[in-house]
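Student: based on what follows, work out the 3D shape:
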Amino acid sequence: MAPRPAWKGYLKLSLVTCAIELTNVVTHTEKVSFRILNRKTGNTVKRIYVDAETGKPLEEGDEIKGYEVDDDEFVHIEEDEIEAVQIETSHTMSLDGFVDKASIQQIYLDTPYYVSPADKVSEEAFAVIRDAMSGKKMAGLARIVLYQRERPVVIEPLGKGMVLTTLRYDNTVRQPDTVFGDIKAVKTDDEMTDLAELIIDKKKAKFDPSKFDDKYEDALLELIRAKKAGRKAPKPKAAPKPSNVVNLFDALKKSLSADRGAGKGKNPAKRSAKTARPKAADGRRKSA
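Tutor: All right, here's what the predicted structure looks like:
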């Protein structure tokens with residue numbers, strides 16, 4: 001069964017327009033989920049709205065959205081009034097500018113969606129826009145109203161389709177300096193940096209998301225299977241807690257030794273001696 005589109009509308013490049021639909025990239029259907037039960041009866045429970053002052057539950061249809069304009073003073077907004085709010089980006093994404101996708105800092109990237117033509121008539125125009133961006137190696141910037149919020153987005157070619165990623169507004173993103181500003185500059189030892197680079201070289205790999213294992217999900221499933229079979233919940237193995245490194249140089253050398261099997265018989269210590277840069281002038285090894 002084909003996934004249900006998250007949004008339908010139009011993609012526009014100058015006077016060229018095509019009907020498109022967005023589909024969620026991420027699915028959570030296979031993840032473990034729990035229902036809330038009444039411990040005494042085993043029945044599922046449901047949540048109801050209760051009047052904060054009277055304590056009485058609301059009847060169906062009595063709920064209404066409210067925007068607080070003063071203390072306990074609200075403007076009432078009907079659901080259909082919200083749905084009636086329409087701006088151009090509610091139904092059309094205009095490609096207003098183009099950038100190198102790599103120029104967008106990762107902290108601004110939010111949620112990805114697949115973009116595909118919504119009908120046969122739109123396939124040619126969709127392909128022209130996609131191939132033009134692919135040829136120029138550029139990504140398009142646009143805006144879209146999604147889930148009752150206007151969001152900036154970036155659109156780029158992906159195979160026979162395209163992928164759209166919503167972007168975060170600048171005023172919602174904490175800049176790195178606000179978090180990293182108190183980190184003191186450290187002069188690292190060149191030889192220790194070389195050892196760390198060797199460890200990185202030995203652990204080089206191709207990105208393969210199929211190898212990602214959700215160990216927490218597996219542990220939850222094991223718990224469920226045990227409980228279903230009437231067994232006691234399995235006791236988790238206590239993971240050793242890491243501690244701060246006392247001698248960083250020794251820790252780096254031990255790390256290389258531990259990974260020696262991946263080095264195809266080469267002695268990492270010898271390689272380190274050959275490739276390491278000269279030590280600091282005072283000859284001391286710094287440790288964290």
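Student: now Ala196: phi and psi?
Tutor: phi -60, psi -40 (degrees, to the nearest 10).
Student: what's the neighbour count on it?
Tutor: Residues near Ala196, counting by other CB atoms under 10 Å, number 15. Any C-beta I mention is one placed from the backbone N, CA and C, and that applies to glycine too.
Student: go on, Thr89?
Tutor: 18.
Student: I figured it hits Arg149, correct?
Tutor: No: using CB atoms under 8 Å, Thr89 is not in contact with Arg149; the gap is 10.5 Å.
Student: mutual contacts of the two, please.
Tutor: Between them, Thr89 and Arg149 share no contacting residue under CB atoms under 8 Å, 6 or more residues apart in numbering.
Student: the stretch 151-288 of the chain: helices as residue ranges?
Tutor: 176-180, 190-202, 215-228, 248-258, 268-275 (DSSP state H, counting those that start in this stretch).
Student: against which helices or strands is the first one packed?
Tutor: Looking back up the chat, that one is helix 176-180. Helices and strands touching helix 176-180, as assessed by 3 or more CB pairs under 8 Å, 6 or more residues apart in numbering; DSSP states H and E, are absent.
Student: how many neighbours does the nearest residue to Ser116 once chain neighbours are set aside have?
Tutor: Closest residue to Ser116 apart from its sequence neighbours, by CB to CB, 6 or more residues apart in numbering: Gly161 at 4.8 Å. For Gly161, the number of neighbouring residues by other CB under 10 Å comes to 15.
Student: what's the answer for Gly140, then?
Tutor: Neighbours around Gly140, by other CB under 10 Å: 24.
Student: what do you get for Thr111?
Tutor: Neighbours of Thr111 (other CB under 10 Å): 16.
Student: likewise Tyr113?
Tutor: Neighbour tally, Tyr113, other CB under 10 Å: 23.
Student: where does the residue nearest to it when sequence neighbours are not counted land in three-state SS?
Tutor: Nearest residue to Tyr113, sequence neighbours excluded (CB to CB, 6+ apart): Leu22, at 4.1 Å. Put simply, Leu22 is strand when judged by DSSP: H, G, I helix; E, B strand; the rest coil.
Student: fine by me, thanks again.
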